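Student: got a predicted structure plus its sequence, pasted below:
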Amino acid sequence: MTDTPSARRAARVTLREVAERAGVSRSAVSFVMNGRTDQRLSEDVFDRVRRAADELGYRPNITAQTLRTGRSGTVALVSDFVSSTSFANSMVRGAMQELREHDTLLFTVDTQGDTDLEDQLLHSLLGRDIDGVIYASMFTRTVTLPRVLEGVPTVLLNCVTADGSIDAVVPDEVTAGRDAARMLLDHGHRDGIWFLGALPAGSRGGAAWPEWDPIALTERRAGITEALAAARTTLAGVVTIDDDWDVANGRRAVARMLSEVAVAPTAMICANDALAVGAYQALHRAGLRIPHDVSVVGFDGSPFARAVEPELTSIALPHIELGRRAAAMLAARGDAPRLERVAMPTVAGGSIGAAPTR
């Protein structure tokens with residue numbers, strides 16, 4: 001029989017064949033393939049076995065390995081929109097980087113917010129003997145863990161449960177809010193700081209996700225309020241959006257606010273970068289310069305921040321680090337539920353200046 005790649009794919013190469021090619025015992029091959037270092041095997045034996053396995057195209061039998069060790073070496077990241085969203089999918093990359101160091105493969109699936117699809121996918125993944133689940137959300141929010149995950153090693157990524165009973169990794173939004181306010185205070189802003197991005201009364205989310213109730217908005221505002229209170233001042237006002245945190249809503253909301261106030265703000269803290277871009281547009285149309293007349297700060301560290309002039313100063317979401325920390329937490333299980341808050345770095349731009357004299 002010809003020893004070709006196609007022929008080898010047709011029939012799985014066995015430990016016996018690798019042992020014969022390497023000139024060692026089957027047990028020696030098993031020890032090498034499973035990374036056993038507690039046996040007295042020479043470096044030469046390791047080299048010969050690995051070379052023979054490569055030449056023959058040997059692939060370990062994952063099913064047998066799982067039965068023997070109780071671990072499949074695979075983890076699933078299940079999310080709503082994370083994997084399919086260009087900005088947020090850096091969380092997946094971070095998880096992959098960390099799991100690679102643990103010799104673990106990552107399956108990723110998106111449910112698009114469909115609970116029936118989520119249940120179907122989770123049942124399918126658990127049927128493949130995965131070692132654990134990273135349950136992720138594109139928005140930082142409170143979630144209810146699917147019942148199928150009860151008893152399954154699980155870490156929440158960018159979300160939490162109401163009772164804090166599940167390990168979770170989230171951005172440190174409260175500290176980020178403090179940082180945004182302190183940057184403005186350090187530049188002399190005190191009585192003219194406005195916040196852009198409050199939800200309309202009775203609303204719990206944006207137009208596309210009306211019931212998701214993101215906690216980032218609440219925590220960012222809490223940090224802002226705390227830092228201003230420490231400086232013995234408060235927000236001059238809060239600007240409510242119509243129905244979502246996008247550029248159009250930011251532009252309309254700020255234009256409306258400017259038409260209603262007697263004194264323009266000296267600074268604006270925007271709930272996210274998209275709203276900040278809308279604020280730029282409305283301020284420009286009103287003849288106000290950034291940062292000479294109005295300083296602007298955003299959140300998320302998204303591509304929006306680099307797409308305006310001057311570039312926007314933004315408190316960034318640490319997506320890659322969030323993914324890494326969640327994967328590391330899953331790999332090192334604790335005795336009690338843990339909540340890890342990851343620092344949000346400031347991406348400096350040119351949108352903050354000294355408070356104008358008016």
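Tutor: Happy to help now that I have it. Numbers count the residues shown, from 1 in each chain.
Student: so where do the helices sit in the stretch 101-250 of the chain?
Tutor: 115-126, 173-186, 215-230, 247-260 (DSSP state H, counting those that start in this stretch).
Student: tabulate these in CSV, adding columns for mean neighbour count, distance to residue 53 and mean pLDDT.
Tutor: In this view, the C-beta of every residue, glycine as well, is placed from N, C-alpha and C. As requested, the helices of the stretch 101-250 of the chain are arranged in CSV below (neighbours: other CB atoms under 10 Å; distance: least, CB to CB, whole Å; pLDDT from 0 to 100):
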stretch, mean neighbour count, distance to residue 53, mean pLDDT
helix 115-126, 14, 29, 90
helix 173-186, 22, 49, 98
helix 215-230, 19, 48, 96
helix 247-260, 19, 55, 97
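Student: run a quick neighbour tally on the residue lying closest to residue 73 once chain neighbours are set aside.
Tutor: Using CB to CB, 6 or more residues apart in numbering and skipping the chain neighbours, the partner closest in space to residue 73 is residue 104 (5.4 Å). As a burial measure, residue 104 scores 21 neighbours (other CB atoms under 10 Å).
Student: repeat for residue 232
Tutor: Neighbours of residue 232 under the rule other CB under 10 Å: 7.
Student: need the helices of the stretch 101-250 of the chain in CSV (columns: distance to residue 273).
Tutor: Shown next, in CSV, are the helices of the stretch 101-250 of the chain (distance: least, CB to CB, whole Å):
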stretch, distance to residue 273
helix 115-126, 29
helix 173-186, 12
helix 215-230, 13
helix 247-260, 9
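Student: looking at those helices, which is closest to residue 267?
Tutor: Smallest distance to residue 267 across these (CB to CB): 4.8 Å, for helix 173-186.
Student: show me the shaky parts of the stretch 201-350 of the chain.
Tutor: Residue ranges of the stretch 201-350 of the chain with pLDDT under 70: 204-212.
Student: on that earlier part again, so which of the helices of the stretch 101-250 of the chain is nearest residue 290?
Tutor: Smallest distance to residue 290 across the helices of the stretch 101-250 of the chain (CB to CB): 11.7 Å, for helix 247-260.
Student: so what does the closest one touch, helix or strand wise?
Tutor: strand 193-198, strand 237-240, helix 273-285 (3 or more CB pairs under 8 Å, 6 or more residues apart in numbering; DSSP states H and E).
Student: may I see these arranged in JSON lines, with mean neighbour count and distance to residue 253 as well?
Tutor: Compiled in JSON lines, those are given as follows (neighbours: other CB atoms under 10 Å; distance: least, CB to CB, whole Å):
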{"stretch": "strand 193-198", "mean neighbour count": "24", "distance to residue 253": "6"}
{"stretch": "strand 237-240", "mean neighbour count": "17", "distance to residue 253": "5"}
{"stretch": "helix 273-285", "mean neighbour count": "24", "distance to residue 253": "7"}
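Student: between these, which one is closest to residue 306.
Tutor: Residue 306 sits nearest to helix 273-285 of all the helices and strands packed on helix 247-260, at 9.4 Å, using CB to CB.
Student: can you show me the CA trace of that closest one as CSV?
Tutor: The C-alpha trace of helix 273-285 is given here as CSV (Å, rounded to 0.1, in the frame of the first residue of the first chain):
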residue,chain,number,x,y,z
ASP,A,273,-17.5,57.0,21.5
ALA,A,274,-20.4,56.9,19.0
LEU,A,275,-22.3,59.5,21.0
ALA,A,276,-19.2,61.6,21.3
VAL,A,277,-18.9,61.7,17.5
GLY,A,278,-22.5,62.9,17.3
ALA,A,279,-21.6,65.5,19.9
TYR,A,280,-18.6,66.7,17.8
GLN,A,281,-21.0,67.2,14.9
ALA,A,282,-23.6,69.2,16.9
LEU,A,283,-20.9,71.3,18.6
HIS,A,284,-19.2,72.1,15.3
ARG,A,285,-22.5,73.2,13.7
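Student: quick one on the thing from earlier: of the helices and strands packed on helix 247-260, which approaches residue 50 most closely?
Tutor: helix 273-285 (48.9 Å).
Student: what segments of the protein are strands?
Tutor: 74-79, 105-110, 133-143, 154-161, 168-171, 193-198, 237-240, 267-270, 295-300, 313-316, 339-342, 346-347 (DSSP state E).
Student: of those strands, which is nearest residue 221?
Tutor: The nearest among those, by CB to CB, is strand 193-198 at 6.5 Å.
Student: note down every partner strand of the closest one and its orientation.
Tutor: Sheet pairing of strand 193-198 (DSSP bridges) gives strand 237-240 (parallel), strand 267-270 (parallel).
Student: distance to residue 247 added to the ones you listed, as CSV?
Tutor: Converted to CSV, these look like this (distance: least, CB to CB, whole Å):
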stretch, distance to residue 247
strand 237-240, 14
strand 267-270, 11
